[in-house]
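>>> Below are the sequence and a predicted model for it; my questions follow.
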Amino acid sequence: MSTPPPFMKPLRILPTLLDGFCREALAAVGLSKTNQATVSSALVLADSMGVFTHGTKLLIGYLKRLQGGGYQAHGLPKVEREGPAWAVVDGAHALGQIGGTFAMNLAVEKARTCGVAYVGLKNTGHIGAAGYYAVLAAQKDMAGMVLGNDMPSVAAPGSRGPVLGSNPLAYAVPVPGGDPILLDMATSAVAGGKVYAAYQRGEPIQDTWLIGHDGKPTTDGSLYPHHAALAPMAGHKGYGIALWAEILSGVIPGGAVTWQVGSWMFDEPSKPSLHNASFLAIDVMAMSSPEIYSKKIQNLVHEIQNSPPAELSTPVILPGQREWAQKRSSDQLGIPLPEDVLAKLDQVAKEWNLNTPWPRA
């Protein structure tokens, strides 16, 4: 087993500077200004919220796949078929952030008329942080839900290898006068990116994260993904939710499922990854009234946040509350990018002959 690199202190980067660097890198492989902004916005928001596994660390992999042709720099998502409250979108092998933004905006547009809408997205790239698209809905006064599928990397209860992907589930709910409630989770015990990051930083791998080929837990992070699978979240419960994500995202739109989905990280850059996702928008303001909804959701938030905590120094918080607080800190003080993220960005700068807008040794 190789020795992970030593941990180094994070460097704080203002989101505007990081956004500019991302756009410049994406321009170098042919993305339009509109698509540069779409992709960079998703990656930088994830970093701003402290979700470093799904932020700009992904940029180098996306660039190589765009350069290799597996992802199409000029790909434009298009509606393949639709009804008043649903649609199926072909992602045209563009980056997942481009297809995902298109799909969620379409779901919101249809929900304005029908109250609720579903959009399935197929033949897209890796979508990154699913919560980003849910937030897009919440910012337009809609409740949004996103599910996706991926190449199998997660064991099922009783299996000796991967059966389903870490298929994410995310939702965001608008809270008038406050931050949206936001949940973004893998249906595995932990996202695969967290295994990579922990191992690279020399941090311990918990015994609830990975399942070895013998069907037993392992703490050896070097085994993932080729010789170990992620454990399912909450056993059979996580497995069941992951299967639902596979059906909504892959089966219903007619996209790739399980092993038909490629690895955007390990496959040849010339191969499309054939990822899929599903997007649900609910016009919560129309189903009651803006006044009633606002009162009900604010009362719910107040009740939860004022529940008696087990430790007085650790109050009860809502999903996403920590991430929104981190975003405000990042906006003011800069994003505290870990060394493994900075190393990936330095690699981008070197391979595409770009200048980093931050000091590096």
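Sure thing, it's come through. Since the model is a prediction, treat every value here as computed from it, not as a measurement.

>>> which helices and strands does the lowest-mean-pLDDT helix or strand in the chain pack with?
Scoring the helices and strands of the chain by mean pLDDT, DSSP states H and E places helix 192-200 at the bottom, with a mean of 87. Secondary-structure packing of helix 192-200 (3 or more CB pairs under 8 Å, 6 or more residues apart in numbering; DSSP states H and E): no helix or strand packs against it. Yep, even glycine has a C-beta here, placed from its N, CA and C like the rest.

>>> CA atoms only: put that helix into CSV for me.
Provided in CSV are the C-alpha atoms of helix 192-200 (Å, rounded to 0.1, in the frame of the first residue of the first chain):
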residue,chain,number,x,y,z
GLY,A,192,-16.5,7.6,-3.2
GLY,A,193,-14.8,11.0,-3.4
LYS,A,194,-14.6,11.1,0.4
VAL,A,195,-12.7,7.8,0.4
TYR,A,196,-10.2,9.1,-2.2
ALA,A,197,-9.8,12.4,-0.2
ALA,A,198,-9.4,10.7,3.1
TYR,A,199,-6.8,8.3,1.8
GLN,A,200,-4.9,11.0,0.0
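
>>> Give the closest residue to L18 in space, chain neighbours not counted.
With CB to CB, 6 or more residues apart in numbering as the criterion, L18 has its nearest non-adjacent residue at 5.3 Å, and that residue is V44.

>>> Count the neighbours of the one you found for me.
Neighbourhood size, V44 [other CB atoms under 10 Å]: 24.

>>> Doesn't G120 belong to a helix?
No - assigned with DSSP: H, G, I helix; E, B strand; the rest coil, G120 falls outside any helix and is strand.

>>> Which pLDDT does the model give it?
At G120, the model reports a pLDDT of 98.

>>> Any idea what it is bridged to?
V88, S278 (DSSP bridges).

>>> circling back: quick one: the residue nearest to L18 and M285, what's the gap?
Taking CB to CB, to the nearest Å as the measure, V44 falls 29 Å from M285.

>>> what sits against the closest residue to V341 other than its chain neighbours?
Closest residue to V341 apart from its sequence neighbours, by CB to CB, 6+ apart: K57 at 4.6 Å. Applying CB atoms under 8 Å, 6 or more residues apart in numbering to K57 gives the contacts G193, D340, V341, K344.

>>> how about a markdown table for those residues, with secondary structure, distance to A138 and neighbour count added?
Output for the contacts of K57, formatted as a markdown table (DSSP: H, G, I helix; E, B strand; the rest coil; distance: CB to CB, whole Å; neighbours: other CB atoms under 10 Å):
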| residue | secondary structure | distance to A138 | neighbour count |
| --- | --- | --- | --- |
| G193 | helix | 24 | 18 |
| D340 | helix | 30 | 20 |
| V341 | helix | 26 | 24 |
| K344 | helix | 29 | 17 |
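
>>> and which of those residues is nearest to N105?
G193 (26.0 Å; CB to CB).

>>> measure the closest one to D141 for me?
Distance of G193 to D141, given as CB to CB: 31 Å.

>>> and if you look at Q298?
Computed as CB to CB, the Q298 to D141 distance reads 14 Å.

>>> Do a quick rundown of the strands in the stretch 101-250 of the chain.
Ranges of strands within the stretch 101-250 of the chain are 116-124, 143-149, 154-155, 162-164, 169-173, 181-185, 210-212, 217-218, 228-230, based on DSSP state E, counting those that start in this stretch.

>>> Put together CSV for the ones you listed, with mean neighbour count on each row.
Converted to CSV, the strands of the stretch 101-250 of the chain look like this (neighbours: other CB atoms under 10 Å):
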stretch, mean neighbour count
strand 116-124, 25
strand 143-149, 28
strand 154-155, 26
strand 162-164, 23
strand 169-173, 25
strand 181-185, 21
strand 210-212, 23
strand 217-218, 18
strand 228-230, 27
